[in-house]
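Asks: Model the following, please.
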Amino acid sequence: MKNTASDKEIGTDEKNRKYLKKMFEKDPSDDIEYLPAGVIIRGQEDEDNAYWNSFLPIFFDRVNHLMKKAMFDDVSEFGLTSAHASYLIALDLQNGQTIMELTHFLDMDKANTVRVINVLREKGLVYDDRKTPSGKKYSIFLTDEGKRIADRVMKKVQDRVNHYFDDFSVDEIASLRGMLVRILEKVDPDFMDYVDSPYVHPFYVYLQSHPPGEKTNPRIP
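Replies: Numbering: from 1, shown residues only. Below is the predicted model:
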């Protein structure tokens, strides 16, 4: 036997429809013309940048999410995540960093750095040069296997990001880098303290000191 709505249910639905109709008839927002997302992204018909300004944090979150997901896919077969991959890349750029140098290099929390390095050490991807088991002064290095994975991740990241910028000129990329740094300077009041830190070449400094398109390898000597 088919289920049928009761007279009470039908009456309630009709009552709700009348209520909603009455509400929208009185609500001036009913006349608002909402802009398609594509129009917002292209910056068209957006008075006072209201839509774009509201969308910007979501935009950065989405880019961050998708790039981390892609990096996760690069290393998941090794039982690693994008968080581990970031440290492998950092050591591929500058092998032999202390815990504090790595922490500042990646602008991470020290406790997070310790946790990640412990995982990478257990997997045989990094080692340290401490003289005694209880030694507190030491640097972290990639093992041969860690170097192999780091090189692989680095190549995939470079190929992917280079593809994102295929249609951009060198001047456009340089301009974008400059704008991103200027945005971060305004968003983060401690940004310059980080850039001017005594630790070796933070990533953000690279945005200013190594322009796009240069022929030399911008790896740290």
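Asks: Would you mind pulling the contact partners of the helix or strand encompassing residue 112?
Replies: Using DSSP states H and E, the element containing residue 112 is helix 110-122. By Cβ atoms under 8 Å, 6 or more residues apart in numbering, the surrounding residues in contact with helix 110-122 are 80, 83-84, 87-88, 99-100, 102-103, 106, 126-128, 140, 146. Every C-beta, even on glycine, is put in place using the N, C-alpha and C of the backbone.
Asks: can you pick the most crowded of those?
Replies: Highest neighbour count within those: residue 87, with 27 neighbours (other Cβ atoms under 10 Å).
Asks: That one is in what secondary structure piece?
Replies: helix 82-93.
Asks: Same check on residue 104?
Replies: Secondary structure assigned from DSSP H and E places residue 104 in helix 99-105.
Asks: dump the residue contacts of residue 150.
Replies: For residue 150, counting by Cβ under 8 Å, 6+ apart, the contacting residues are 88, 89, 91, 92, 142.
Asks: Let me see the backbone angles for it.
Replies: Note on residue 150: its backbone torsions stand at phi -60, psi -40 [degrees, to the nearest 10].
Asks: looking at it, residue 106 is touching residue 84, isn't it?
Replies: No - in this structure, residue 106 sits apart from residue 84 without contact. The criterion is Cβ atoms under 8 Å, and the distance is 11.8 Å.
Asks: Can you name every helix or strand that the helix or strand hosting residue 174 contacts?
Replies: Secondary-structure element containing residue 174, defined by DSSP H and E: helix 170-187. Here helix 170-187 touches helix 191-195, helix 203-209, going by 3 or more Cβ pairs under 8 Å, 6 or more residues apart in numbering; DSSP states H and E.
Asks: tell me which helix or strand of the chain sits lowest on mean pLDDT?
Replies: Taking mean pLDDT, DSSP states H and E as the measure, the helix or strand of the chain with the lowest value is helix 203-209, at a mean of 48.
Asks: Pull out the buried residues from stretch 140-156.
Replies: Neighbour-count burial for stretch 140-156 flags 140, 142, 143, 146, 147, 149, 150, 152, 153, 154, 156 (criterion: 16 or more other Cβ atoms under 10 Å).
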